[in-house]
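K.L.:
fold the following for me, if possible:
(one chain, ligands or ions: 2)
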Amino acid sequence: MRPAYDDPRTTDQPITRVRHRTAGPRRRFGEEPLTERLVDPAVPRDLHAFIAGLPKAELHVHHVGSASPRIVSELAARHPDSKVPTDPEALVDYFTFTDFAHFIDVYLSVVDLIRTPEDVRLLTYEVARDMARQQVRYAELTITPFSSTRRGIDEGAFMDAIEDARKAAEAEFGTVLRWCFDIPGEAGLESAEETTRLATDDRLRPEGLVSFGLGGPEIGVARPQFKPYFDRAIAAGLHSVPHAGETTGPGTVWDALTHLRAERIGHGTSSAQDPKLLAHLAERRIPLEVCPTSNIATRAVRTLDEHPIKEFTRAGVLVTINSDDPPMFGTDLNNEYAVAARLLGLDERGLAELAKNGVEASFLDAPGKARIRDEIDTYTAAWLAS
Ligand SMILES: Nc1ncnc2c1ncn2[C@@H]1O[C@H](CCC(=O)c2cccc(C(=O)O)c2)[C@@H](O)[C@H]1O
Ligand SMILES: [Zn+2]
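P.N.:
Ligands and ions are numbered 1, 2, ... in the order given. Predicted coordinates:
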């Protein structure tokens with residue numbers, strides 16, 4: 001089904017150049033159209049245009065972390081007690097982090113703005129709209145239900161809100177959403193129990209739920225303790241996709257694989273420090289959910305040129321490109337593909353392969369995967385023939 005929105009390649013809106021956050025002056029948030037934000041003059045302009053129209057699948061992107069500056073400022077205005085700025089411009093500075101712990105503090109201040117099922121529905125629908133504008137045909141959106149239910153949102157109403165938004169987004173934008181429920185690890189085993197209950201109780205678990213994750217700080221939050229909860233989630237038919245190796249070493253990735261039976265790894269950045277781990281990931285075709293700009297914004301990696309994405313591809317690891325918390329990191333998915341193109345020296349064919357990695361690594365059914373793969377091939381062939 002053709003998505004019900006304009007193909008950005010036909011738009012006559014000016015291409016606005018935006019220099020990357022770490023390199024140049026701040027850009028005004030929420031102004032430039034999402035689909036045409038450019039990241040780096042080193043990437044040819046027509047490659048940005050190719051990316052803007054390329055059908056994609058996104059596997060590592062957070063619900064609250066995807067709230068656009070407009071949504072965040074709107075919600076902040078509803079809750080004057082919040083420390084979150086109501087002005088999108090001020091939000092750019094507010095979303096500048098000194099380290100990962102600071103990022104989590106800011107993230108939770110935005111979580112605090114989501115207080116009603118209507119807030120949840122609005123946020124989810126608008127995130128899907130932003131994805132559709134970037135030609136995202138399928139996304140696995142990571143949601144942390146514990147953080148919302150513990151803040152007083154009724155669990156049943158929460159599930160209804162995300163499901164209503166998911167069905168509306170598919171009908172109106174043609175974007176297929178699925179859910180990953182993740183445990184905020186630092187909140188401890190209470191949050192693990194609650195998240196597992198919400199994910200496995202047939203009276204509660206939403207139809208769109210496909211996977212089970214583990215987010216938040218890794219330091220001081222050892223993965224093995226969550227094994228019983230992942231065992232229950234896997235027994236209930238969910239796929240295991242914990243964050244690991246984002247802010248700690250390769251041992252955390254090994255733990256996620258051995259104790260949590262991870263089918264994919266969120267970030268896995270430090271895997272590059274362990275050649276045996278890289279070989280294992282490549283041999284078992286265990287995908288990495290790579291989020292380049294996220295790693296810079298949270299200071300997990302110093303500069304993009306030092307990002308280990310090149311080591312991953314050289315080792316034959318299945319790399320997928322994702323945006324993690326796009327507005328918070330001053331990026332979007334198209335931006336992340338442009339960053340990958342620059343770091344890996346990709347042309348249109350290379351970018352199409354990267355997009356197909358995301359489809360292959362997804363938990364979408366086989367007909368759905370074939371449909372998006374064909375769209376990518378048709379789009380790429382038409383682009384190269386034009
Ligand atoms: N790049 C990221 N890497 C890791 N996680 C990321 C990333 N981006 C977003 N997240 C999300 O940040 C949250 C963290 C929430 C958290 O730590 C916490 C701690 C104590 C109490 C509570 C609470 O809710 O009461 C929450 C998680 O929901 C996770 O999905
Ligand atoms: Zn993440």
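K.L.:
on the three-state scheme, the spatially most central residue of the chain is what?
P.N.:
In the chain, the residue lying closest to the centroid (C-alpha atoms, centre = their mean) is V61, at 1.6 Å. Taking DSSP: H, G, I helix; E, B strand; the rest coil as the rule, one finds V61 in the strand state.
K.L.:
who does it form a beta bridge with?
P.N.:
L141, D324 (DSSP bridges).
K.L.:
I figured it hits I143, correct?
P.N.:
No: taking contacts as C-beta atoms under 8 Å, V61 lies outside contact range of I143: 10.5 Å. From N, CA and C alone the C-beta is placed, and that goes for glycine too.
K.L.:
hang on, the earlier thing: could you measure from the residue nearest to the centre of the chain over to R284?
P.N.:
The gap separating V61 from R284 is 24 Å, by C-beta to C-beta, to the nearest Å.
K.L.:
list the contacts for E170?
P.N.:
176-177 (C-beta atoms under 8 Å, 6 or more residues apart in numbering).
K.L.:
just the element for it, please.
P.N.:
helix 155-173 (DSSP states H and E).
K.L.:
distance from the chain centre to that helix, please.
P.N.:
Distance of helix 155-173 from the chain centroid (C-alpha atoms, centre = their mean, to the nearest Å) equals 18 Å.
K.L.:
cool, and stretch 368-385?
P.N.:
The chain centre lies 22 Å from the centre of stretch 368-385; the measure is C-alpha atoms, centre = their mean.
K.L.:
quick one: W254 is in a strand?
P.N.:
No: the assignment for W254 (three-state DSSP) gives helix, which keeps it out of a strand.
K.L.:
tally of neighbours for the closest residue to it other than its chain neighbours?
P.N.:
The shortest distance from W254 to any non-neighbouring residue, by C-beta to C-beta, 6 or more residues apart in numbering, is to L277 (6.4 Å). L277 sits with 24 neighbouring residues when counted by other C-beta atoms under 10 Å.
K.L.:
L277 and ligand 1: what is the separation?
P.N.:
As for L277, its distance to ligand 1 is 19 Å (criterion: C-beta to the nearest ligand atom, to the nearest Å).
K.L.:
with F363 instead?
P.N.:
For F363, the distance to ligand 1 - C-beta to the nearest ligand atom - is 18 Å.
K.L.:
can you list the residues of the stretch 201-350 of the chain near ligand 1?
P.N.:
Contact residues, the stretch 201-350 of the chain versus ligand 1 (C-beta under 6 Å from any ligand atom): 215-217, 243, 246, 294, 324-325.
K.L.:
for PyMOL, write a command that selects the buried ones of the residues you listed.
P.N.:
Here the buried members of those are turned into a PyMOL selection, burial being counted by 16 or more other C-beta atoms under 10 Å:
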select buried, resi 215+216+217+243+246+294+324+325
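K.L.:
now, the residues of the stretch 201-350 of the chain next to ligand 1 that are in helices?
P.N.:
Counting by DSSP state H, those place S294 in helices.
K.L.:
so can I have a markdown table of the residues of the stretch 201-350 of the chain next to ligand 1 showing pLDDT?
P.N.:
Converted to a markdown table, these look like this (pLDDT from 0 to 100):
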| residue | pLDDT |
| --- | --- |
| G215 | 98 |
| G216 | 97 |
| P217 | 95 |
| H243 | 98 |
| E246 | 97 |
| S294 | 96 |
| D324 | 98 |
| D325 | 97 |
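K.L.:
ok, the residues of the stretch 201-350 of the chain next to ligand 1 vs S73, which is closest?
P.N.:
D325 (16.2 Å; C-beta to C-beta).
K.L.:
not counting its neighbours along the chain, what's nearest the closest one?
P.N.:
Of all residues not flanking D325 in the chain, G65 sits nearest, at 2.8 Å (C-beta to C-beta, 6+ apart).
K.L.:
need the contact list for that neighbour.
P.N.:
Per C-beta under 8 Å, 6+ apart, neighbours of G65: 107, 110, 324-328.
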